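Peer 1: give me coordinates for this.
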Amino acid sequence: MSNLANVHTCGLAEIILFILAILFGTGCSICSKTMMSLVGTNGTFEEDGSPHMESFQKPLFQTFGMFIGMLFGLAMHWMVLALRIPFPGYDFGDAQEDDAERGPTETTALKPKLASSTDQDVPSAQIPTWMYFFLAIPAIFDLAATALCMMGLQYLDVSIYQMLRGSGIIFVALMKQHVLKEHLQTFHWVGVFWNVISVVIVGTTALLASGGEIEGGSTGNVSSSETLLGVCLMMAGAFVQALQFVFEEHVMKMDVPAPPLLLIGMEGFWGTVLSILVMYPLGYWLPGSDHGSYEDPFNTWAMFINSSNIQIAFVIYFFTIFFYNLLAVLVTFMLSSVWHAILDNFRPITVWGTDLFIFYHISPAFGEMWTQFSYLQIVGMAVLVYGTAVYNAPNAGSVLLEGQWYSFGIDCSKEYEAIRREQEEASEDAMWEAKQQEFKVRKISSFMESPRVSVHTQALRGLGAQHN
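Peer 2: Modelled structure (predicted):
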């Protein structure tokens, strides 16, 4: 198997996309945690006439809002098709004249993303009807993973919540190796190993900081058992999220692929349907602290329409969660599902920094304070970044394991050399194929009507027309 199967070059476009995904992911996480810290009224009043106030801890509502936001992907999908807007995953190609007159459709506009180019033009691929139902699968994964993570977030600080989600790279790597049958190099597994170590360090930090010994921060005082429950919920959510990442990569690389915007939109559609028919009925009938239910949708709606602060927070959350999901799927499309998992690993750095800034410079009611265990969290972050840099090899900015002290005696020089050699060969093949394609275009254009056609040729064509 080729050594390039899981090596992806990060160009300027990929770097910009990755940074934007981190920014929107940070905003999404902060908004999610902030909404759970808000208080509002459901329109009822106390005996003294004052509005009845209660906490807006509604994880199912946030999940439902996420899917509603993702529905916007369908509108963008149809807009791209109708206006022929250049967008990753959509290849309008050199449409024939009759197709151009009719305008783009899902038959003429969507083409499969092939692993390697061929001498022939890529055939247009029609998205079959079953694909729209098939895309319910990632919505199920997304719904389950988001619900698990939202429940775990109630017992953890948002930075620890994000770093525990970093364990998803472990599950993604295992699935790519054994389910998708894509071979990972030794240095890939070393990078995954250091991600495991970072997850262990962060989990330890969460346990040490719990038990009510440390006051402040966005979680307040929680017991060790509640913190352990939060960690377990997060790990379960990370596993299900890994299933989603790998499935999304597979469905965008099939012979008849699903373009990113359609994938986002259909996940939003099926997620909304499942939320209304399954998630909310279960949340309403399961016992809990929300007026006798785990989450009461009627109380949620009453608080939403009667609390302007919740409405403002939700609008911000709505846009950040949509753009984050869009950018994250594009990361999977342009790179791989492992890079999607790496994206979740980078987010804690900006989330934690933003949390500290909010706590000390905006409002101590939100954000996260510095504790005696924060140093251990910094160590966990450093290990996480190191593991990601190892996995990214041999691209620029990565850490190469060539027997140095920081590689702990591991030498992957032969793997790097084999990859560079294949990259050079692939580059030469691409240049040769480009020249062949250019020759074909020139050959075809010589037979077409053009202002460059010689006078003699035009005269012969005129005589032929008169003769007919």
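Peer 1: going forward, measure contacts between C-alpha atoms and count neighbours the same way
Peer 2: OK.
Peer 1: name the element the most centrally placed residue in the chain belongs to?
Peer 2: Closest residue to the average C-alpha location of the chain: residue 328 at 2.5 Å, with C-alpha atoms, centre = their mean. For residue 328, the host element (DSSP states H and E) is helix 308-334.
Peer 1: give the rounded mean pLDDT of that helix.
Peer 2: Averaging pLDDT along helix 308-334 yields 90.
Peer 1: one more: stretch 349-360?
Peer 2: The average pLDDT within stretch 349-360 is 81.
Peer 1: same question for stretch 199-213.
Peer 2: Mean per-residue pLDDT for stretch 199-213: 66.
Peer 1: cool, and stretch 12-26?
Peer 2: Per-residue pLDDT over stretch 12-26 has a mean of 85.
Peer 1: next, the buried residues of stretch 404-419.
Peer 2: Judged by neighbour count (16 or more other C-alpha atoms under 10 Å), stretch 404-419 contains these buried residues: 410, 411, 412, 416, 419.
Peer 1: go through those and flag which are in helices.
Peer 2: Under the assignment DSSP state H, the buried residues of stretch 404-419 contribute 416, 419 to helices.
Peer 1: and which of the buried residues of stretch 404-419 is nearest residue 259?
Peer 2: The shortest approach to residue 259 among the buried residues of stretch 404-419 belongs to residue 419, at 28.9 Å (C-alpha to C-alpha).
Peer 1: buried residues in the longest strand along the chain?
Peer 2: When the chain is parsed with DSSP state E, its longest strand is strand 39-45. Across strand 39-45, burial judged by 16+ other C-alpha under 10 Å covers 39, 40, 41, 42.
Peer 1: that one: what's the following helix or strand?
Peer 2: Following strand 39-45 in sequence, per DSSP H and E, is strand 51-55.
Peer 1: average model confidence for the helix or strand just after that following strand?
Peer 2: Toward the C-terminus, strand 51-55 is succeeded by helix 59-70 as the next helix or strand (DSSP H and E). Across helix 59-70, the average pLDDT comes to 89.
Peer 1: I'd like to know which elements helix 59-70 is packed against.
Peer 2: Helix 59-70 sits against helix 136-153, helix 260-274, helix 308-334, with contacts defined as 3 or more C-alpha pairs under 8 Å, 6 or more residues apart in numbering; DSSP states H and E.
Peer 1: what does it rub up against?
Peer 2: 32, 36, 143, 146-147, 150-151, 264-265, 267-269, 271-272, 275, 279-280, 283, 295, 297, 300, 318-319, 321-322, 325 (C-alpha atoms under 8 Å, 6 or more residues apart in numbering).
Peer 1: re the thing from before, ok, of the buried residues of strand 39-45, which one's closest to residue 431?
Peer 2: The closest of those to residue 431 turns out to be residue 39 (C-alpha to C-alpha; 60.8 Å).
Peer 1: what about the stretch 101-250 of the chain, any weak spots by pLDDT?
Peer 2: Along the stretch 101-250 of the chain, the parts satisfying pLDDT under 70 run over 101-126, 158-159, 162-163, 166, 206-207, 209-222.
Peer 1: try 90 this time
Peer 2: 101-131, 142-185, 188, 191-192, 194-239, 241-246, 248-250 (pLDDT under 90).
Peer 1: now do the strands in it.
Peer 2: Ranges of strands within the stretch 101-250 of the chain: none, based on DSSP state E, counting those that start in this stretch.
Peer 1: hmm, residue 43 is touching residue 302, no?
Peer 2: Yes - taking contacts as C-alpha atoms under 8 Å, residue 43 lies within contact range of residue 302: 6.7 Å.
Peer 1: can you list the buried residues in stretch 224-231?
Peer 2: 224, 226, 227, 228, 229, 230, 231.
Peer 1: now do stretch 264-281
Peer 2: In stretch 264-281, the ones that count as buried by 16+ other C-alpha under 10 Å are 264-275, 279-280.
Peer 1: now swap in stretch 387-406 and tell me
Peer 2: Quick answer for stretch 387-406 (16+ other C-alpha under 10 Å): 387-395, 399-402.
Peer 1: for stretch 235-255, same thing?
Peer 2: 235-253.
Peer 1: wait, doesn't residue 132 sit right on residue 267?
Peer 2: No - assessed by C-alpha under 8 Å, residue 132 is found out of contact with residue 267, at 9.4 Å.
Peer 1: now residue 148: closest residue in space, sequence neighbours ignored.
Peer 2: Nearest residue to residue 148, sequence neighbours excluded (C-alpha to C-alpha, 6 or more residues apart in numbering): residue 237, at 5.1 Å.
Peer 1: now residue 140
Peer 2: Nearest non-adjacent residue to residue 140, counting by C-alpha to C-alpha, 6+ apart: residue 271, 6.9 Å away.
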